[in-house]
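> Next input, structure requested:
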Amino acid sequence: MDRRAVLRVTDELLWVLRREGLPVATSQAIDAVRSIALVGFDSREDFREALAAVVVQRRRDRARFDRAFDAFFSLTGHRRTLWERLEAGGFSAAELEALRELLDQLAASSPDGALGTMLGRGAALDRLLHLAGTSRVLDAMQSPLQAGFFTHRLLDRIGAREARDTLGALRPRLVDALGDERGAALTAALEAELAAAADDVRSFVKQTVDRRQQDEAGPRDLLSTPFSSLSDAEVEEVRRAVRRFVQRLRGGERVRRRRARRGRVDAHRTLRLAMRTDGVPFALARKARRRDKPRLVIVCDVSESVRAVARFLLELAYAAQELFSGTRTFVFVSELGETTRLFEEHPVETALAHAYSGAVVPVTHNSNYGRALRVFEQEVVPDLDRRTTVVVLGDGRTNYLDPAVGVLDAIRSRARALVWLCPEPRAAWATGDSAMTRYAPRCTNVLEVRCARDLEDAARLLVALR
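You can find the predicted model right below:
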């Protein structure tokens, strides 16, 4: 079996898969060749499955892979090389050799020319499209109706016009080498190849448009979907995603603890010890890094308007207790109630059900941020210290009651950080009874938290502030 032919076919196939939207890295291409070498070409299905095991990373991409694989191995002429296509068109070996020499001369005099690449089509054309920054060109396309315009832009980007000009300059040299009739016939065949390459680019643009439309119509990104728009089944899926994220945070914390136990290199002591060995530091002296575990206090508005967000934040706090010591949780609507022991003594589902049932604070009252913050100032603020991060979750809708913004100043003066998570967009903070424009300047950080991805960003911030 001709190894070069095998590599050429595999390379063609991988570029077809890339054109279909499958991200095939160079390392995957190497693994693909190795897997194909192991299974061989005797069984088409074995070949397919070996390649899919390397290339397909997501379940939803398998159908796209199968479609491209079957199309590639269908008996269509454009998968043959330029020389095979010209030979099938009736040109002799001597005529093709003369053309090859002329193309080699052009490539030597103009190595950046696109004529040879466009005539080759297939993987060569796919590479040219990739190197031309196709994604940057097509990202500006807003509608399928613009496909024609962007096809012309892409053809100009890869040098289609220069390729046609070069072929025009090549025509008299072909006539001189082959005679008027055969030279003109070969030039016409090459012009047809350039036209076919332009059609390949048009097909590529159309496939890109179709793929984008399919992706937009596909499953939505639940992590970026607002909590208030999630169905019950989607809520469970997002909860699992939040738990997986917390597990990653825990794993990172364990690694940091192991490193911290070794201690930092003490440069001063290391240099003093090196005096015994003529200044050569054979032994590193270390100093233990003592770091008190931070504390976390969470205050959640559980009124109807923010209940969906509060549920996820309380669940994240419950799962992340390993990262903090002395985690305390409070909920409020009009009154403030502590739920710390509730979450310590019961599973998270039971604790959340009690918190929302009215067993801790009345949940049917109108929000009163001023009253809840003043109770917090009296009962909790005296216990705060510089190891404590206070997190407040609420939309800041005060029902036109006193917002008690001075309490935030008291919290900020004693705590390490005061972070406010608001489920409303910033554009709504200055509307109606919202006091967020007065709360925000008194906080260390204020974040919009409307979906699970925002909540992940907030969790990373809290870990960084420790």
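> rest of the way, CA atoms for contacts and neighbours
OK.
> So which bits of whichever helix in the chain runs longest are buried?
If you go by DSSP state H, the chain has its longest helix at helix 180-217. Across helix 180-217, burial judged by 16 or more other Cα atoms under 10 Å covers 183-187, 189-191, 193-198, 200-202, 204-206, 208-209.
> how far out from the middle of the chain is stretch 300-315?
Computed by Cα atoms, centre = their mean, to the nearest Å, the chain-centroid distance of stretch 300-315 equals 27 Å.
> Quick one: the helices in the stretch 1-150 of the chain, in order.
Using DSSP state H, counting those that start in this stretch, the helices of the stretch 1-150 of the chain run over residues 3-19, 26-39, 44-55, 62-72, 82-88, 93-109, 115-120, 122-131, 134-138, 147-158.
> between the ones you listed, which one is nearest to Asp433?
The closest of these to Asp433 is helix 134-138. By Cα to Cα, the value is 44.2 Å.
> what mean pLDDT would you report for the closest one?
Mean pLDDT, helix 134-138: 62.
> same deal with stretch 159-167?
77.
> that older thread, tabulate the helices of the stretch 1-150 of the chain (JSON lines), appending mean neighbour count.
Formatted as JSON lines, the helices of the stretch 1-150 of the chain follow (neighbours: other Cα atoms under 10 Å):
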{"stretch": "helix 3-19", "mean neighbour count": "17"}
{"stretch": "helix 26-39", "mean neighbour count": "15"}
{"stretch": "helix 44-55", "mean neighbour count": "17"}
{"stretch": "helix 62-72", "mean neighbour count": "15"}
{"stretch": "helix 82-88", "mean neighbour count": "16"}
{"stretch": "helix 93-109", "mean neighbour count": "14"}
{"stretch": "helix 115-120", "mean neighbour count": "22"}
{"stretch": "helix 122-131", "mean neighbour count": "18"}
{"stretch": "helix 134-138", "mean neighbour count": "13"}
{"stretch": "helix 147-158", "mean neighbour count": "17"}
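> Compile those helices into JSON lines and extend it with columns for distance to Met275.
Output for the helices of the stretch 1-150 of the chain, formatted as JSON lines (distance: least, Cα to Cα, whole Å):
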{"stretch": "helix 3-19", "distance to Met275": "61"}
{"stretch": "helix 26-39", "distance to Met275": "49"}
{"stretch": "helix 44-55", "distance to Met275": "56"}
{"stretch": "helix 62-72", "distance to Met275": "65"}
{"stretch": "helix 82-88", "distance to Met275": "74"}
{"stretch": "helix 93-109", "distance to Met275": "65"}
{"stretch": "helix 115-120", "distance to Met275": "67"}
{"stretch": "helix 122-131", "distance to Met275": "58"}
{"stretch": "helix 134-138", "distance to Met275": "60"}
{"stretch": "helix 147-158", "distance to Met275": "65"}
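> Tell me how far the host helix or strand of Glu315 lies from the chain's centre.
If you go by DSSP states H and E, Glu315 is part of helix 307-319. Once both centres are worked out by Cα atoms, centre = their mean, helix 307-319 turns out to sit 24 Å from its chain's centre.
> Put the alpha carbons of it into PDB.
C-alpha atoms of helix 307-319 as PDB (Å, rounded to 0.1, in the frame of the first residue of the first chain):
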ATOM      1  CA  ARG A 307     -35.900  33.300  45.300                       C
ATOM      2  CA  ALA A 308     -34.500  31.300  42.300                       C
ATOM      3  CA  VAL A 309     -31.000  32.900  42.600                       C
ATOM      4  CA  ALA A 310     -31.000  32.700  46.400                       C
ATOM      5  CA  ARG A 311     -31.600  28.900  46.200                       C
ATOM      6  CA  PHE A 312     -28.600  28.400  44.100                       C
ATOM      7  CA  LEU A 313     -26.400  30.600  46.200                       C
ATOM      8  CA  LEU A 314     -27.400  28.900  49.400                       C
ATOM      9  CA  GLU A 315     -26.800  25.500  47.800                       C
ATOM     10  CA  LEU A 316     -23.300  26.600  46.600                       C
ATOM     11  CA  ALA A 317     -22.500  27.900  50.100                       C
ATOM     12  CA  TYR A 318     -23.700  24.600  51.600                       C
ATOM     13  CA  ALA A 319     -21.400  22.600  49.300                       C
END
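> and after it, which helix or strand comes next?
Past helix 307-319, the next helix or strand by DSSP H and E is strand 325-332.
> from memory Pro226 sits against Arg450, does it?
Yes. Counting by Cα atoms under 8 Å, Arg450 is a contact partner of Pro226 at 5.2 Å.
> Comparing these two, which residue is more hemmed in?
More neighbours surround Arg450 than the other of Pro226 and Arg450, with 22 against 17 (other Cα atoms under 10 Å).
> what secondary structure does the more buried one sit in?
coil (DSSP: H, G, I helix; E, B strand; the rest coil).
> quick one: it and Ala310 touch, right?
No. Taking contacts as Cα under 8 Å, Arg450 lies outside contact range of Ala310: 10.5 Å.
> so what's Trp420 up against?
Residues counted as contacts of Trp420 (Cα atoms under 8 Å, 6 or more residues apart in numbering) are 391-394, 440, 443, 445-447.
> For it, give the beta-bridge partners.
Val392, Val446 (DSSP bridges).
> Next one: it, what pLDDT does it get?
For Trp420, pLDDT reads 93.
> Ok, Phe73 next?
70.
> count of residues packed around it?
11.
> Check the gap between it and Gly396 for me.
Between Phe73 and Gly396 the computed distance is 62 Å (Cα to Cα, to the nearest Å).
> ditto for Arg460
For Arg460, the distance to Gly396 - Cα to Cα - is 23 Å.
> same thing with Asp31?
Using Cα to Cα, one gets 55 Å for the distance from Asp31 to Gly396.
> which residues touch Asp61?
Residues near Asp61 by Cα under 8 Å, 6+ apart: Leu22.
> how does the protein divide into domains?
Per automatic domain parsing, the structural domains of the chain span 1-74, 83-219, 293-464.
> Using a markdown table, please lay out these together with distance to Leu271.
What follows is these, written out as a markdown table (distance: least, Cα to Cα, whole Å):
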| stretch | distance to Leu271 |
| --- | --- |
| domain 1-74 | 45 |
| domain 83-219 | 53 |
| domain 293-464 | 31 |
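> worst average pLDDT in the ones you listed?
domain 83-219 (a mean of 73).
> mind listing the strands for the stretch 301-450 of the chain?
Under the criterion DSSP state E, counting those that start in this stretch, the stretch 301-450 of the chain carries strands at the ranges 325-332, 336-338, 388-393, 417-422, 445-448.
> Having no further points to raise, I will conclude here.
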